[in-house]
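Q: here are the coordinates; sequence isn't available:
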């Protein structure tokens, strides 16, 4: 996160609390990142709104630029602007979707999480991050290269945010229910599964000084355990990864990051593996 030089802040003039901008200024205050403010709209002229905000932000000592744009839909507008401005992070306020609408149509914020090449921070509350809890969610049961790289990014970003906000970093990994029919004896008993998962965490525990009481290995589905653990800890930020599954499988199965977005009471930072980021950038360039 320290390497981020420019942050895209998605603003909605109808949301006067501007939570996304507040989070962006918090991060920029530490990283020195430039702030690029974006209003996604083809209706009305919001130049006065953006000019007033820019003037205020400049007076507070930040580097800032702004634009109003629209390209087909919300997520395409944001991604096009993110690529054009070279932003390393997108920050957007998230509002809960109507359950009926969500069942019929893929929500705009889900599409943003799937297709945006950069990390996306979804802001959900106005709670201060300072002295809070940052929860990093990893799946150490997947030990392929792609997931290992993603885990490293999740823990690293969680560690940086915790340092930025003088917060405590906790880590959660959900493990499957034991099955007596499992070919691997490790997965036949809860104790052996948990021991295997804890062993997989030893390396990053040592690197980022995560004590046993801040490591949460639990049995059950990740989309239930992550929000529950975040609630119990009072987490202010949850960091999670996505493999950006799209198409029919994505529509039917859903990505954990998307499924838990409304269930979480904290802000949510969503990351992707580098190879998926490269692929998404290629798709944007071809559009």
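A: Perfect, I can see it now. Model, not experiment: these values are computed from the prediction.

Q: check contacts around residue 217.
A: 172-173, 175, 194, 197-198, 201 (Cβ atoms under 8 Å, 6 or more residues apart in numbering). C-beta coordinates here come from the backbone N, C-alpha and C atoms, glycine included.

Q: Which of the residues you listed sits closest to residue 156?
A: Of all the contacts of residue 217, residue 201 has the smallest distance to residue 156: 14.4 Å, by Cβ to Cβ.

Q: circling back: return the closest of the contacts of residue 217 with respect to residue 164.
A: Nearest member of the contacts of residue 217 to residue 164, counting by Cβ to Cβ, is residue 172, at 20.4 Å.

Q: per-residue pLDDT, the nearest residue to residue 86 once chain neighbours are set aside?
A: Excluding the flanking residues, the one nearest residue 86 by Cβ to Cβ, 6 or more residues apart in numbering is residue 6, at 5.8 Å. pLDDT, the model's per-residue confidence, is 96 for residue 6.

Q: again with residue 118
A: Residue 118 carries a pLDDT score of 91 in this model.

Q: ok, it to residue 93 distance?
A: 17 Å (Cβ to Cβ, to the nearest Å).

Q: Looking at the contacts of residue 217, which are in helices?
A: Residues of the contacts of residue 217 located in helices (DSSP state H): 194, 197-198, 201.

Q: Could you count how many residues lie near residue 58?
A: 12 (other Cβ atoms under 10 Å).

Q: For the nearest residue to it once chain neighbours are set aside, what are phi and psi?
A: Distances taken as Cβ to Cβ, 6+ apart put residue 64 closest to residue 58, at 5.9 Å, once the chain neighbours are dropped. Main-chain dihedrals, residue 64, degrees, to the nearest 10: phi -150, psi 150.

Q: Quick one: residues contacting residue 64.
A: 34-37, 54, 57-58.

Q: now with 6 Å?
A: Residue 64 makes contacts with 35, 54, 57-58, as judged by Cβ atoms under 6 Å, 6 or more residues apart in numbering.

Q: If it is in a bridge, with which residues?
A: Beta bridges link residue 64 to residue 35 when assigned by DSSP bridges.

Q: Do a quick rundown of the helices in the stretch 101-250 of the chain.
A: With DSSP state H, counting those that start in this stretch, the ranges of helices along the stretch 101-250 of the chain come out as 108-115, 145-164, 190-208, 222-233, 247-253.

Q: Tabulate those (a markdown table), appending mean pLDDT, mean neighbour count and distance to residue 135.
A: Shown next, in a markdown table, are those (pLDDT from 0 to 100; neighbours: other Cβ atoms under 10 Å; distance: least, Cβ to Cβ, whole Å):
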| stretch | mean pLDDT | mean neighbour count | distance to residue 135 |
| --- | --- | --- | --- |
| helix 108-115 | 89 | 21 | 18 |
| helix 145-164 | 85 | 19 | 8 |
| helix 190-208 | 85 | 15 | 14 |
| helix 222-233 | 94 | 18 | 5 |
| helix 247-253 | 40 | 10 | 23 |
